[in-house]
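Asks: I would like to see how this sequence folds:
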Amino acid sequence: MRSFPHDLAQAQQEWSATYRQLAERPGRTELRRRLYRLSAQLFFHPYWQHRRPSPAAWWELRDLGRSDADVRERLHQ
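Replies: Residues are numbered from 1 along each chain as shown. Just a heads-up that it's a prediction; the model follows:
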């Protein structure tokens, strides 16, 4: 697995948590705005400045944002 900068991994974890909150409480404007800001922060992070992320890199980053419960749920599907 790649080593991502701490702030990038933290932003991904916050994005995942916000996405789960929005799924539980749809229509929350403040959550949609936060998700939008975090998405921009992730996509335009300086880590990607010299190379665009591959689909595998995005997948690894998203895995960092998932909780253990999310992983267990995915395995049981």
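Asks: Apart from its neighbours in sequence, what residue is nearest the most centrally placed residue in the chain?
Replies: Residue closest to the mean C-alpha point of the chain, counted by C-alpha atoms, centre = their mean, is Gln12 at 3.1 Å. Closest residue in space to Gln12, ignoring its immediate chain neighbours: Gly65 at 3.9 Å, by C-beta to C-beta, 6 or more residues apart in numbering. The way it works is simple: take the backbone N, C-alpha and C, and place the C-beta from them, glycine included.
Asks: ok, how many other residues are close to the one you found?
Replies: Using other C-beta atoms under 10 Å, Gly65 has 21 neighbouring residues.
Asks: before we move on, back to that, element containing the residue nearest to the centre of the chain, please.
Replies: Assigned by DSSP states H and E, Gln12 falls within helix 6-24.
Asks: Remind me what the helix or strand that comes right after that helix packs against, helices and strands.
Replies: Sequence order places helix 29-43 as the next helix or strand after helix 6-24, per DSSP H and E. Applying 3 or more C-beta pairs under 8 Å, 6 or more residues apart in numbering; DSSP states H and E, we find helix 29-43 packed against helix 6-24.
Asks: ok, and for the helix it packs on, which residues are buried?
Replies: 8, 11-16, 18-20, 22 (16 or more other C-beta atoms under 10 Å).
Asks: about what we covered before: tilt between the helix holding Gln12 and helix 29-43?
Replies: 150 degrees (axes from the mean of the first three to the mean of the last three C-alpha atoms, to 10 degrees).
Asks: what comes into contact with helix 6-24?
Replies: Contacts to helix 6-24, defined as C-beta atoms under 8 Å, 6 or more residues apart in numbering, come from residues 4, 28, 31-32, 34-35, 38-39, 41-42, 45, 47, 61-62, 64-67, 70.
Asks: Report the buried members of those residues.
Replies: 4, 31, 34-35, 38, 41-42, 45, 47, 61, 64-66.
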